[in-house]
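[1] Based on what follows, work out the 3D shape:
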Amino acid sequence: MTGLLEPGSPRAAGVADDQALLAAMLRVEVAWARALVVAGLATAESAAAVAAAAEVLRPDPVSLAAETEAAGNPVAPLVALLRDGVGSAHAGAVHRGLTSQDVLDTALVLLARDGLMRVATDLRTTGDALAELARAHRDTVTVGRTLTQYAVPTTFGLKAAHWLAGVDEAGRSIGAVRDQLPVQYGGAAGTRALMTHLAPAADHSAVLAAFAGDLGLEPAPLPWHTRRATITRIGDALVSATDALGVLAADVLLLGRPEVGEVHEGASVGRGGSSTMPHKQNPVLSVLVRAAALQAPLLGAQLHLAAATSHDERPGGAWHSEWPALARLLELAVTAASQAAELASGLEVDIDAMAGRAESAAAALLAERGSGDPDPRSYLGQAGTLVDEALRHWTDGAPHG
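    Numbering: from 1, shown residues only. From the prediction side, this is the model:
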């Protein structure tokens, strides 16, 4: 696939493609070789040889694909290549005591961490732009709509504040998940039997800590081969992010209709043109962010389905079904977050259109209250205070980017 049916995919380059996965798996193998030194099962020289071989190894994903099918996963053929690169003198420091799931799960966690960091950074940019909109339009009166119909007056600042709050919540969820990602280490059936047999006197907690510390991950006390909360938490955080960005995109699409015209995407040369209608300026960023938001929940559901159908000590099929779902979800969220940051930063607000519509619809907007001041600005409730609260929470909260 070249990404022609995934507009914006270059924004997620290197997040979860084959080359990124291979590099992550090699990082795991190198970290494990160093952990074997702590266990007394490898020398520092052997660990260095593994690291040197991994540094120059350039596996071709295409040629590796057939062997991946034969093994059922890409770890086995990659380990064979790495052992060949290390040579017989140091081959014992490669993969000894691990199983394929240990390597692939940990590699996917590494990819997820990097993807989550990219999403968090763009959510911070998006939130900062939305905070500026909320602040600037704290008291800009606009029509409130419920179930697509006029409701009561509100402010555009409050609408932006709700977008901001959604982004804020998503960013905090992503930060919480990103900071607690564990390595996977269980061996063939989750008992760590080979390591225990080979190094019974070793401090196995120190070995695990060394493995995790080398990768900047947490040392999971228990293997999680069939307990997939690590993966579903990652998925849930990513889906929450696309949910929040989807609300922003949907509102911009609705408010940007020509007959409404209250907001507009910022113009960009070459973006939004029509193949046949020269007058059109399509809101492409909003369209693509919304498309991501419509796809992400099903990918998250696939991760939960796999988690719910894991079995035995290591699952067959359910585990394998996670890989493409998680990779696609990472790419979607990274792409959408990048697009949303650009969307929010360039969003144009037509306060005259908002004011004119609120004034012309004043009778409907004030019907709940009954008689009184006919100015929509006289019936805004706590809108300004709510904007201030959203801004305070964004400003005072711990950064998650």
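
[2] can you tell me which helix or strand Val152 belongs to?
    Assigned by DSSP states H and E, Val152 falls within strand 149-155.

[3] Could you pull out the buried residues of stretch 384-391?
    Leu386, Val387, Asp388, Ala390, Leu391 (16 or more other C-beta atoms under 10 Å). All C-beta atoms are positioned from the backbone trio N, CA, C, and that covers glycine.

[4] show me where the protein has strands.
    Counting by DSSP state E, the chain has strands at residues 141-146, 149-155, 263-264, 348-349.

[5] Over the second one, what's the mean pLDDT, rounded is fine.
    Same thing as strand 149-155. When pLDDT is averaged along strand 149-155, the result is 98.

[6] what are the pairing partners of that strand, and which direction each?
    When pairs are called by DSSP bridges, strand 149-155 turns out to pair with strand 141-146 (antiparallel).

[7] among the strands of the chain, which is nearest Val207?
    Set against Val207 and scored by C-beta to C-beta, the strands of the chain come closest in strand 263-264, at 56.0 Å.

[8] So what touches that closest one?
    Val252, Leu255, Gly256, Pro283, Leu347, Glu348, Val349, Asp350 (C-beta atoms under 8 Å, 6 or more residues apart in numbering).

[9] how about the helices in the stretch 251-400 of the chain?
    According to DSSP state H, counting those that start in this stretch, the stretch 251-400 of the chain carries its helices in the segments 284-308, 318-346, 351-360, 362-365, 383-396.

[10] which of those sits most buried?
    helix 318-346 (a mean of 23; mean count of other C-beta atoms under 10 Å).

[11] what packs against that one?
    helix 100-136, helix 229-255, helix 284-308 (3 or more C-beta pairs under 8 Å, 6 or more residues apart in numbering; DSSP states H and E).

[12] So which elements touch the first one?
    It stands for helix 100-136. Helix 100-136 is packed against helix 18-39, helix 75-86, helix 156-178, helix 229-255, helix 318-346, helix 383-396, with contacts defined by 3+ C-beta pairs under 8 Å, 6+ apart.

[13] Rebuild those helices as CSV, extending it with distance to Arg138.
    Listed next are the helices and strands packed on helix 100-136 as CSV, based on distance: least, C-beta to C-beta, whole Å:
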stretch, distance to Arg138
helix 18-39, 43
helix 75-86, 54
helix 156-178, 4
helix 229-255, 18
helix 318-346, 17
helix 383-396, 5
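
[14] what's near enough to touch Gly14?
    Gly14 touches Ala20, counting by C-beta under 8 Å, 6+ apart.

[15] returning to that earlier point: who wins for proximity to Leu208 among the helices and strands packed on helix 318-346?
    Using C-beta to C-beta, those put helix 100-136 closest to Leu208, at 11.3 Å.

[16] Between helix 383-396 and that closest one, find me the angle.
    140 degrees (axes from the mean of the first three to the mean of the last three C-alpha atoms, to 10 degrees).

[17] what angle sits between helix 100-136 and helix 351-360?
    Using the same axes, to 10 degrees: helix 100-136 against helix 351-360 is 70 degrees.

[18] Helix 100-136: how far from the chain's middle?
    5 Å (C-alpha atoms, centre = their mean, to the nearest Å).

[19] and the angle from that helix to helix 75-86?
    Helix 100-136 and helix 75-86 meet at an angle of 100 degrees, taking the same axes, to 10 degrees as the criterion.

[20] Buried residues, helix 100-136. List them.
    So for helix 100-136, counting by 16+ other C-beta under 10 Å, buried means 100-135.
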